[in-house]
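**Q** Sequence and predicted structure, then a few things I'm wondering about:
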Amino acid sequence: MSDIVDLTFLNSFTGGNRDKNSKYIKMFLQNAPTLMGSMEENLKKEDWANLKSSAHSLKPQISYMGIKSAEELIKNIERDASEKTNLENISERITTLKNILAEAYPELEKASQ
Amino acid sequence: MANKKTTILIVEDDPMHLQMLHDHLEQMSDFDIKDFGTGEECIKHIQEKNEIPEIVFLDYYLNSVVKDAMDGLDVLVELKKIAPHTDVVMLSGQDKIQVAVEVMKYGAFDYIVKGESAFYRAEKTVYNIYRYSKLRKNANMYKKLTISFAIAFALMIAVFIYMQQKGLISNAPGWM
């Protein structure tokens, strides 16, 4: 297992049930790209309220999938969009988040099989 | 007669969190669990089916899919109007004390921050609701019992006074 995904919580939550793990991972793989796309779209439109809303939805899902390196990042994006602060850095943060998730997806896909 | 199942409604616009909470509660006991993506759907269900749930798990932000959906606080206020005895547990991704205080002020039973510990907290909260519900029932029973005794005692006094006034009983004890 690499450093990107840590499925300790998910395994504990499902009692190590592979079918349940797979179900939740597949849900994440379906939801996360949509929410990420929505964040990028709202960034372009400078729609901070909706950007915050998408980040807010993605935040716990990232935590459940154990993508530790993205946890602080998504919290900061949500907070900055909500408070309209550090907006000059938000685009870079979203790109970093997208890259982390892009690395996590194949690992999760493998884990869901 | 079979015991009625405890009805739990989950109002959550995040499909993954909804499914995880549903599965976790289902594993706990044989609850009747129903899921809703918005507060409007949940309120409509309660009104149309006239089915008052024991517990509602309600997300604080409900507009990630339906942008003009009612927020959790407004749904909480509505729920407390139509189902005042339903215990509402608010869920949120925000770990802010102001939000927790606000929702408790509007009658929420508890406030749970979404995250890895949320499911364990949800389980504990359901147990706490059962415990308080039992205490409430006992308190109501004792209250009714006390009122019944008070009424019976008042009636006895009234009958005694009436009989005394009518001369059916004397003031002096019978052995004097």
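**A** Structure's in. What do you need? Residues are numbered from 1 along each chain as shown, chains lettered A, B, ... in the order given.
**Q** quick check: longest helix of chain A.
**A** Counting by DSSP state H, the longest helix found in chain A is helix A:18-45.
**Q** what comes up buried for that helix?
**A** A:20-21, A:23-25, A:27-29, A:31-32, A:35-36, A:38-40, A:42-43 (16 or more other CB atoms under 10 Å in any protein chain shown). Where you see a C-beta, it was placed from the backbone N, CA and C, and this is true even at glycine.
**Q** helices or strands next to whichever helix or strand comes after it in the packing?
**A** As assigned by DSSP states H and E, the chain's next helix or strand after helix A:18-45 is helix A:48-64. Secondary-structure packing of helix A:48-64 (3 or more CB pairs under 8 Å, 6 or more residues apart in numbering or on different chains; DSSP states H and E): helix A:8-14, helix A:18-45, helix A:68-83, helix B:15-28.
**Q** mean confidence for the shortest one?
**A** Rounded to a whole number, the mean pLDDT of helix A:8-14 is 95.
**Q** what packs against that helix?
**A** Using 3+ CB pairs under 8 Å, 6+ apart, helix A:8-14 is in contact with helix A:18-45, helix A:48-64.
**Q** Report the buried residues of it.
**A** A:9-11, A:13-14.
**Q** Is it possible to get a markdown table of these that adds distance to B:Phe119?
**A** Converted to a markdown table, those look like this (distance: CB to CB, whole Å):
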| residue | distance to B:Phe119 |
| --- | --- |
| A:Phe9 | 10 |
| A:Leu10 | 11 |
| A:Asn11 | 14 |
| A:Phe13 | 7 |
| A:Thr14 | 11 |
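**Q** Which single one of the residues you listed is nearest to chain B?
**A** A:Phe9 (5.0 Å; CB to the nearest CB).
**Q** Run through the residues that contact the closest one.
**A** Taking CB atoms under 8 Å, 6 or more residues apart in numbering or on different chains, we find A:Phe9 in contact with A:63-64, A:66, B:116.
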